[in-house]
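K.L.:
The amino acid sequence is not available; the structure is as follows:
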C-alpha cells in the first residue's frame, strides 16, 4: 500500500476514534471519504508482518489494533494444482440415471 494512502486512512481512523466512536472490524460498516475502515483494519491485522515497525507501533499504540490470531486468519487459497490432485468422488450408485 502506498505510504500516503496508508497515512491518510490511518489519520481518518484516528479522527473517527477521537469522536468517541468504536473501531469497526468488518468491512462495509463505516466508510468515510471513500475509505472502508473495517476493511483497512482487517487487512492490516491479517497482514501485520508486512507493516513496518513504525506502522505496527502506530496501529497498536494509537488506534489499538494488533495482529490477528491464527484462528482469525482466512484459510489459504487452494491452488489449481492442488484442486486437480484431490480425489474425485465416485458417482452415486443410488442415481436413477446410472441404473
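P.N.:
Structure received. Keep in mind that this is a model prediction, so the values were computed, not measured.
K.L.:
Tell me where the model's unsure across this structure.
P.N.:
Low-confidence segments of the chain (pLDDT under 70): 1-2, 71-75, 90-99.
K.L.:
can you give me the strands in it?
P.N.:
In the chain, the strands defined using DSSP state E lie at 31-32, 35-36.
K.L.:
ranking those strands by burial, who's on top?
P.N.:
With neighbours defined as mean count of other CB atoms under 10 Å, the strands of the chain peak in mean count at strand 35-36, which reaches a mean of 18. Using the backbone N, CA and C atoms, a C-beta is placed for each residue, glycine as well.
K.L.:
So for the longest helix that the chain contains, what gets flagged as buried?
P.N.:
The helix that spans the most residues within the chain, counting by DSSP state H, is helix 3-18. Judged by neighbour count (16 or more other CB atoms under 10 Å), helix 3-18 contains these buried residues: 6, 9-10, 12-13, 16.
K.L.:
from these, which is closest to residue 45?
P.N.:
Minimum separation from residue 45 among the buried residues of helix 3-18 (CB to CB) is found for residue 13, which lies at 12.7 Å.
K.L.:
List the contacts of the closest one.
P.N.:
Residues counted as contacts of residue 13 (CB atoms under 8 Å, 6 or more residues apart in numbering) are 23, 37, 40-41, 63.
K.L.:
between the residues you listed, which is nearest residue 69?
P.N.:
residue 41 (14.3 Å).
K.L.:
Correct me if wrong: that closest one contacts residue 23.
P.N.:
Yes - under the criterion of CB atoms under 8 Å, residue 41 is in contact with residue 23, at a separation of 6.3 Å.
K.L.:
can you list residues touching both of those two?
P.N.:
With CB under 8 Å, 6+ apart, residue 41 and residue 23 have common neighbours 13, 65.
K.L.:
which of these two has more neighbours?
P.N.:
residue 41 (22 against 16; other CB atoms under 10 Å).
K.L.:
That one: what's it in contact with?
P.N.:
The contact partners of residue 41, by CB under 8 Å, 6+ apart, come to 13, 23-25, 65.
K.L.:
Equivalent analysis for residue 14, please.
P.N.:
Taking CB under 8 Å, 6+ apart as the definition of contact, the neighbours of residue 14 are 62-63.
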